[in-house]
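Undergrad: Predicted model and sequence follow; I will ask about them next.
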Number of protein chains: 2
Amino acid sequence: MSKSLPVLSAVETVACCSPLTHEPMSQEQADSVAPLLKALADPVRLRLMSLVASHEGGEACVCDLTGAFNLSQPTISHHLKVLHGCGLLDRDKRGVWVYYRARTEALANLAALIGTPGAPAVPA
Amino acid sequence: MSKSLPVLSAVETVACCSPLTHEPMSQEQADSVAPLLKALADPVRLRLMSLVASHEGGEACVCDLTGAFNLSQPTISHHLKVLHGCGLLDRDKRGVWVYYRARTEALANLAALIGTPGAPAVPA
DNA sequence: ACGAGACATCGATGGCTGTCAACATAGAGA
DNA sequence: TCTCTATGTTGACAGCCATCGATGTCTCGT
């Protein structure tokens, strides 16, 4: 019922952007990128992304994740929903369990936008 | 007053981290990275970073920045303070004007941690 | 059909944060 | 010195958000 999911999630809008050090970012661009960064700008969600991405098979079910935090299950569920909502995590329900998978290309796009790709941290 | 200078800003702590897709992030790691992302997770600050980084000479004074937003000067000053506070912007006062410069190596480190664009995920 | 387990949703709450107006500070010039 | 301009600081307020307990939904065994 009225589950109007956005055809273009925040993740896709980032893919076409040039790095922020290259040219001034438009307001619309910033408005679409900021939610992605905001989703990652939380220690719990950062660790969740890392746990899922580095988990065996590239995916992890909620029961694998809740144990790593001193947080209630609803809280973990909330954070996963945020990450899934902005396109950083894929969701797959299999039986009783729900498996989450990191969208590494989304992370790569975001990284490319933040840091100029190919530019080393230490200049010669 | 009581301007306790941070010996190690949030930026430096990121430089040594392996990408989040490679291995599970520790809580301390996440706690040190999250503030950096949080600083960038605002449309205004994103555009500020982009404006400064892409500005002629790699630096921009506040008067160059305030015009780009429909925000009061104290608000811009506040955002610049946030970006400077976490080590993403360098500050240089010359006469009446204050020039900000983007720390591109900090951005590169952050990008490498998020997505390692074009970098092999498996070390030797 | 019934109970148990896995996960999501809801409503409430305390803390954080983006914004502004007002004021403070500091340098340049008259 | 006095004034103007550029920038930072303060205090206040409204909106957002991370977290929890309680509850709902779905699926699998028995």
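TA: Received it, and whenever you're ready, just let me know what you need. Numbers count the residues shown, from 1 in each chain, chains lettered A, B, ... in the order given.

Undergrad: in chain A, which spans are strands?
TA: Secondary structure of chain A, counting by DSSP state E: strands at A:59-61, A:89-94, A:97-102.

Undergrad: Phi and psi next, for the closest residue to A:L107 other than its chain neighbours.
TA: Among residues not flanking A:L107 along the chain, B:G115 sits closest, at 4.1 Å (Cβ to Cβ, 6 or more residues apart in numbering or on different chains). No exception for glycine: its C-beta is placed from N, CA and C like everyone else's. Per-residue torsions, B:G115: phi -140, psi -10 (degrees, to the nearest 10).

Undergrad: Roughly how far does B:G115 sit from A:A111?
TA: In this view, B:G115 and A:A111 are 3 Å apart by Cβ to Cβ, to the nearest Å.

Undergrad: try A:F69
TA: Distance from A:F69 to A:A111, by Cβ to Cβ: 25 Å.

Undergrad: Name the residue in these two with the higher neighbour count.
TA: Remark: of A:F69 and A:A111, A:A111 carries more neighbours, 25 against 17, as counted by other Cβ atoms under 10 Å in any protein chain shown.

Undergrad: Tell me, what's the model's pLDDT at the more buried one?
TA: Here, the pLDDT recorded for A:A111 equals 95.

Undergrad: Would you state the helices of chain A in chain order?
TA: Here chain A has its helices, by DSSP state H, at A:10-15, A:27-40, A:43-54, A:62-66, A:73-85, A:104-114.

Undergrad: Who are the packing partners of the shortest one?
TA: Taking 3 or more Cβ pairs under 8 Å, 6 or more residues apart in numbering or on different chains; DSSP states H and E as contact, the helices and strands that helix A:62-66 lies on are helix A:43-54, helix A:73-85, strand A:97-102.

Undergrad: The last one vs chain B: in contact?
TA: Yes - with Cβ under 8 Å from any Cβ of the partner chain as the measure, strand A:97-102 is seen reaching chain B through A:A102.

Undergrad: in that strand, what counts as buried?
TA: Across strand A:97-102, burial judged by 16 or more other Cβ atoms under 10 Å in any protein chain shown covers A:V98, A:Y99, A:Y100, A:R101, A:A102.

Undergrad: got the contact list for the fourth one?
TA: When contacts are counted by Cβ atoms under 8 Å, 6 or more residues apart in numbering or on different chains, A:R101 touches A:V52, A:G58, A:E59, A:L89, A:D90, A:D92.

Undergrad: Which of the residues you listed ranks first by neighbour count?
TA: Neighbour max across the contacts of A:R101 (other Cβ under 10 Å) = A:V52, 27 neighbours.
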